[in-house]
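Peer 1: Kindly generate the corresponding structure for this input.
(chains A and B)
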Amino acid sequence: MPNELQPPRGTHDLIGEDQRRHQHVIDTARRIAALYGFDEWSTPLFEDTRVFSRTLGETSDVVTKEMYSFQDRGGDAITLRPEATAGICRALVTNGLTQSLPQKVFCAGPMFRYERPQKGRYRQFHQIDVELIGSAEPLADAEVIACGWEILKALGVAGDTVLEINTLGDAESRQDYRGALVGYFSKHHAALSADSQSRLERNPLRILDSKDERDRTIVANAPTIAGFLTEPAAKFYARLQTYLDRFGVPFRENPRIVRGLDYYGHTAFEFVTSKLGAQGTVMGGGRYDGLVEEMGGPPTPAVGWAAGIERLAMLLPDPPRVPAPVAVVPVGEAAEAVSLNVLQALRHAGIRAEIAYRGNLRRRMERANRIGARAAVVIGDDDIAEGVAQVKDLASGEQVAVALADLPHRLR
RNA sequence: GCGGGCAUAGCUCAGCUGGUAGAGCGCCAGGUUGUGGUCCUGGAUGUCACGGGUUCGAGUCCCGUUGCUCGCCCCA
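Peer 2: Okay, the predicted model is just below:
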């Protein structure tokens, strides 16, 4: 469109089928999360910048380059939420709910990240989110994952999706492993890609999920965390797998799944599809026992996941259908008054019903067809005299006279 | 922030080595002033993304810009 008015980069309008797909994802997730005992929370779309920067580290790229941050008119530093978890943890603390654990939270809505759009990746995007705060047991991890799996199944996308799990261990395991990795990659420094050479300085774990071919062969022989797990950490991971089996969630281990920040530990997982190119993660999460404390609350264990609604929406096997309406078609001005009564009676009976605002019979029938009506209720003067309407099935073309009072019942 | 591809009607696209813009679908009207879908006939619609350059002449070639798209970086 050669127009000066365009939506900002990375934003998009949800209209028609796009909106129906989007809404179907939310409705399905909300319904299933409720079965698992999760309550829906709505937290602000923007927060004090510190809600996010405090837990991310002031200097990381994420904070300096990829958040939508600004000063409001009162001079406060504000950030549009880039994810749901931090705001939920803030709400947990400010509402005193650390006294009422565990809390099981479902959340859905827009998130904002200032980054380059790609397939299924936008600047304003939408997520569904599940957090279980206040349990340190691996059963909690398994339940959170099982809930996600059931949502993917209900959406019809589970067939192309596989759950990959890993453990990041506890703090001691992680520290030992990190040291071993730095030692290993330092020996291969010259053979690493330039990106990974700088990762070695900043965030060595990230080398493990590098997409570079040269890195991959080196990574393949790198030590895994398995050899560095403390006994409690190894036991936690083993119990998680047992519980996943009991919940009937298939999985495979992927020791290359990592997390960048220190408050993550133990469980890390991703549901991955091969159908979205480079952006294959459709749902991801893990355990973040350190986050609530960094937010200023008491030490509180927690586990959760988030999933991008846009990605799930484009994977839906079939577009959600609009319920077919009934079209009320008056013939002549006198019939309009009766038709409006019929129209409202149908709506009050829970039937989606529409009336064209103008046009002769033919145009109104065309209109009825175009909006996908399943039936047309044609009402003319002679019908009114007999107290009936002509109900035409628009699929079969059959038409029968129905008493006006019976219409809601007959069209249900 | 970096790299590749793309940009023509509401949509999907055609337009050869430069010669003043096309199709299908959709839309509007008629065939049918009380019956839609299929069919027939007619009609409207474009700053060829934007700006500059080369040329007698640019949708077409060159440069720049913007947007879209795929990927990299990043991924809370």
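Peer 1: ok, now which ones touch A:Glu294?
Peer 2: A:Glu294 sits next to A:Arg54, A:Thr55, A:Tyr263 when contact means CB atoms under 8 Å, 6 or more residues apart in numbering. Heads up, the C-betas are built off the backbone N, CA and C, glycines and all.
Peer 1: and if you look at A:Leu35?
Peer 2: A:Glu150.
Peer 1: about what we covered before: quick one: the contacts of A:Glu294 as JSON lines, columns for neighbour count and distance to RNA strand B too.
Peer 2: Shown next, in JSON lines, are the contacts of A:Glu294 (neighbours: other CB atoms under 10 Å; distance: CB to the nearest atom of the strand, whole Å):
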{"residue": "A:Arg54", "neighbour count": "17", "distance to RNA strand B": "12"}
{"residue": "A:Thr55", "neighbour count": "22", "distance to RNA strand B": "8"}
{"residue": "A:Tyr263", "neighbour count": "17", "distance to RNA strand B": "9"}
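Peer 1: my read: A:Arg174 touches A:His266, true?
Peer 2: No: using CB atoms under 8 Å, A:Arg174 makes no contact with A:His266, being 9.7 Å away.
Peer 1: quick check, A:Phe271 in a strand?
Peer 2: Yes: under DSSP: H, G, I helix; E, B strand; the rest coil, A:Phe271 falls within a strand.
Peer 1: Have a look at A:Arg174 and A:His266 and say which one is more surrounded.
Peer 2: A:His266 (26 against 23; other CB atoms under 10 Å).
Peer 1: which non-adjacent residue is nearest the more buried one?
Peer 2: A:Arg287 (4.4 Å; CB to CB, 6 or more residues apart in numbering).
Peer 1: Establish whether stretch A:287-306 and RNA strand B are in contact.
Peer 2: No: between stretch A:287-306 and RNA strand B, judged by CB under 7 Å from any atom of the strand, nothing touches; the nearest distance is 7.9 Å.
Peer 1: buried stuff in that stretch?
Peer 2: Residues of stretch A:287-306 classed as buried by neighbour count (16 or more other CB atoms under 10 Å): A:287-295, A:297, A:300-306.
Peer 1: what do you get for stretch A:319-330?
Peer 2: Result for stretch A:319-330 [16+ other CB under 10 Å]: buried residues A:Pro320, A:Pro325, A:Val326, A:Ala327, A:Val328, A:Val329, A:Pro330.
Peer 1: sec struct for the fourth one, please.
Peer 2: Read it as A:Ala327. strand.
Peer 1: OK, contacts around it?
Peer 2: A:Ala353, A:Glu354, A:Ile355, A:Ala356, A:Arg364, A:Arg367, A:Ala368, A:Ile371, A:Ala373, A:Ala375, A:Ala376, A:Val377.
Peer 1: Go through these and give me the one with the most neighbours.
Peer 2: Highest count within these by other CB under 10 Å belongs to A:Val377, 27 neighbours.
Peer 1: Now that one, what are its backbone angles?
Peer 2: phi -110, psi 100 (degrees, to the nearest 10).
Peer 1: follow-up on the earlier one: give me the beta-bridge partners of the residue nearest to A:His266?
Peer 2: A:Arg287 has these beta-bridge partners by DSSP bridges: A:Gly265, A:Val303.
Peer 1: Quick check: it touching A:Phe269?
Peer 2: No: A:Arg287 is beyond contact range of A:Phe269, at 9.5 Å (criterion: CB under 8 Å).
Peer 1: to the chain's geometric centre, what's the distance from whichever strand or helix holds A:Cys147?
Peer 2: Here A:Cys147 is covered by helix A:138-155, with elements defined by DSSP states H and E. Offset of helix A:138-155 from its chain centre (CA atoms, centre = their mean, to the nearest Å): 13 Å.
Peer 1: which secondary structure elements does it contact?
Peer 2: helix A:17-35, strand A:124-133, strand A:161-167, helix A:231-247, strand A:265-273, strand A:281-287, strand A:302-308, helix A:309-315 (3 or more CB pairs under 8 Å, 6 or more residues apart in numbering; DSSP states H and E).
Peer 1: Now render those as CSV, adding mean pLDDT.
Peer 2: Output for the helices and strands packed on helix A:138-155, formatted as CSV (pLDDT from 0 to 100):
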stretch, mean pLDDT
helix A:17-35, 95
strand A:124-133, 96
strand A:161-167, 95
helix A:231-247, 97
strand A:265-273, 94
strand A:281-287, 94
strand A:302-308, 96
helix A:309-315, 91
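Peer 1: Format those as a markdown table; extra columns: distance to A:Arg347.
Peer 2: Formatted as a markdown table, these follow (distance: least, CB to CB, whole Å):
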| stretch | distance to A:Arg347 |
| --- | --- |
| helix A:17-35 | 21 |
| strand A:124-133 | 30 |
| strand A:161-167 | 40 |
| helix A:231-247 | 43 |
| strand A:265-273 | 41 |
| strand A:281-287 | 38 |
| strand A:302-308 | 35 |
| helix A:309-315 | 29 |
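Peer 1: just so I know, which of the ones you listed lies nearest A:Leu340?
Peer 2: helix A:17-35 (28.4 Å; CB to CB).
Peer 1: which of the residues in that closest one are buried?
Peer 2: Buried residues in helix A:17-35, counting neighbours by 16+ other CB under 10 Å, are found at A:Arg20, A:Arg21, A:His22, A:His24, A:Val25, A:Ile26, A:Thr28, A:Ala29, A:Arg30, A:Ile32, A:Ala33.
Peer 1: next one: stretch A:213-229
Peer 2: Quick answer for stretch A:213-229 (16+ other CB under 10 Å): A:Asp215, A:Ile218, A:Val219, A:Ala222, A:Ile225, A:Phe228, A:Leu229.
Peer 1: returning to that earlier point: as TSV, the buried residues of helix A:17-35 with distance to RNA strand B would be great.
Peer 2: TSV is the format used below for those (distance: CB to the nearest atom of the strand, whole Å):
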residue	distance to RNA strand B
A:Arg20	18
A:Arg21	15
A:His22	15
A:His24	21
A:Val25	18
A:Ile26	20
A:Thr28	23
A:Ala29	19
A:Arg30	22
A:Ile32	23
A:Ala33	19
